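Asker: No sequence on hand, only this structure:
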């Protein structure tokens, strides 16, 4: 590692989210603090990225690499301690890079939410990563850092206050303003397509513990919320949260990788409150119906073509307004086995779909490159691999606030 030219290389820097990851690094770190580069297939588009981030002096190096060309990926990973990749859907474009990183000892972070693909990568390359020392950390964007690190934070606070972890933690997305990138939709649609034709993929998607080191683990959690429900705790109607199928499995995997520090009977769920009364119910019903409609239409080529008219295409994203960058507010409610309760909030100061995601992904990569971490090679989650170091960086550099609610 000490002989490598760069601390971090961003592969997919020419894409929508990749540009914002590059901008965050350029705005946050001096060349003396961090040696990093951008990578992609097109020299012309890499030059556009340099212009986008304001690198008029061409301080940041660029590397030509293709996700489908193993030789170019080998050359790329040999030059850096960490690869940050935004090239998705990862089931189409990510497998070769994971293999190369796992074999070469190069650390890796991405922002995937593709649970079946993650399961396959763990099964195929965990031993190689252990041997080489490569730390592979999936889901370092809005999926699933706020969920994973929010749970990590509230459990820390519970242990300090009560001397015991919370047996149950419930996440709710209370407020948010922002959009979703085309890459996120492309990944979601690809998962649905795979599930239709592959029974094993369906099995992984329906197993609440499918990302645990042992997916046969039996715990208290059931399938994620699928319909409208009323929460007495929140005093509001709730809808299914679209990202729960990813986040819940990451949090449960973190617990297992940390030797069940939250407890083997720990339960974690996610929901989306929509309000009280009739208006809250109707909004929850509309969101639930929309999610089901997208899933149904994604099954057929005709349905996908219709969705393509309304959803951003791959490589595109929501309109960016620097004066109104969006935000999100999450709440975590939990109780110990004795019934002692705690409430925490996580606030992000930018659009969850690109602004906050790009900063979280960037900081996860820098954390792997620069911080002293106790973890060895293998497949990890944000909380289990990066822990307190990432918690500090998120608050210092990524616009996140973790608080205990009075």
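Answerer: All right, it came through fine. No experiment lies behind these values; they were computed from the predicted model shown.

Asker: Please count neighbours and contacts with C-alpha atoms only from this point.
Answerer: Noted.

Asker: contacting residues for the residue nearest to residue 253 when sequence neighbours are not counted?
Answerer: Nearest non-adjacent residue to residue 253, counting by Cα to Cα, 6 or more residues apart in numbering: residue 212, 4.5 Å away. Residue 212 sits next to 249, 252, 253, 256, 257 when contact means Cα atoms under 8 Å, 6 or more residues apart in numbering.

Asker: Residue 223 now?
Answerer: Going by Cα under 8 Å, 6+ apart, residue 223 touches 206, 207, 208.

Asker: Please name the nearest non-neighbouring residue to residue 103.
Answerer: Nearest residue to residue 103 in three dimensions, chain neighbours excluded: residue 128, at 5.5 Å (Cα to Cα, 6+ apart).

Asker: Looks like that neighbour contacts residue 102 (just checking).
Answerer: Yes: shown here, residue 128 and residue 102 form a contact pair, counting by Cα atoms under 8 Å, at 5.5 Å.

Asker: which one of these two has more residues nearby?
Answerer: Neighbours were counted for residue 128 and for residue 102 using other Cα atoms under 10 Å; residue 102 has more, 28 against 19.

Asker: In three-state terms, label the residue nearest to residue 253 for me.
Answerer: The three-state assignment at residue 212 reads coil, by DSSP: H, G, I helix; E, B strand; the rest coil.

Asker: And residue 260, by the same measure?
Answerer: Secondary structure of residue 260, per three-state DSSP, is coil.

Asker: Do me a favour and get the backbone dihedrals for it.
Answerer: With angles defined as degrees, to the nearest 10, residue 260 shows backbone torsions of phi 50, psi 50.

Asker: and what of residue 343?
Answerer: Here is the backbone geometry of residue 343 (degrees, to the nearest 10): phi -130, psi 130.

Asker: How about it: what's its closest non-neighbour residue?
Answerer: residue 333 (4.6 Å).

Asker: Secondary structure element holding that neighbour?
Answerer: Element membership for residue 333, per DSSP states H and E: strand 327-335.

Asker: buried set for that strand?
Answerer: Residues of strand 327-335 classed as buried: 327, 328, 329, 330, 331, 332, 333, 334, 335 (neighbour count, 16 or more other Cα atoms under 10 Å).

Asker: for stretch 100-109, same thing?
Answerer: Neighbour-count burial for stretch 100-109, with 16+ other Cα under 10 Å as criterion, is recorded at 100, 101, 102, 103, 104, 105, 106, 107, 108, 109.

Asker: picking that back up, check which helices and strands the helix or strand containing the residue nearest to residue 103 is in contact with.
Answerer: Assigned by DSSP H and E, residue 128 belongs to helix 115-132. Secondary-structure packing of helix 115-132 (3 or more Cα pairs under 8 Å, 6 or more residues apart in numbering; DSSP states H and E): helix 95-104, helix 199-206, strand 378-380.

Asker: change it to 6 Å
Answerer: Under the contact criterion of 3 or more Cα pairs under 6 Å, 6 or more residues apart in numbering; DSSP states H and E, helix 115-132 touches helix 95-104, strand 378-380.

Asker: Generate a markdown table for those, with distance to residue 30 as supplementary columns.
Answerer: Listed next are the helices and strands packed on helix 115-132 as a markdown table, based on distance: least, Cα to Cα, whole Å:
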| stretch | distance to residue 30 |
| --- | --- |
| helix 95-104 | 26 |
| strand 378-380 | 29 |
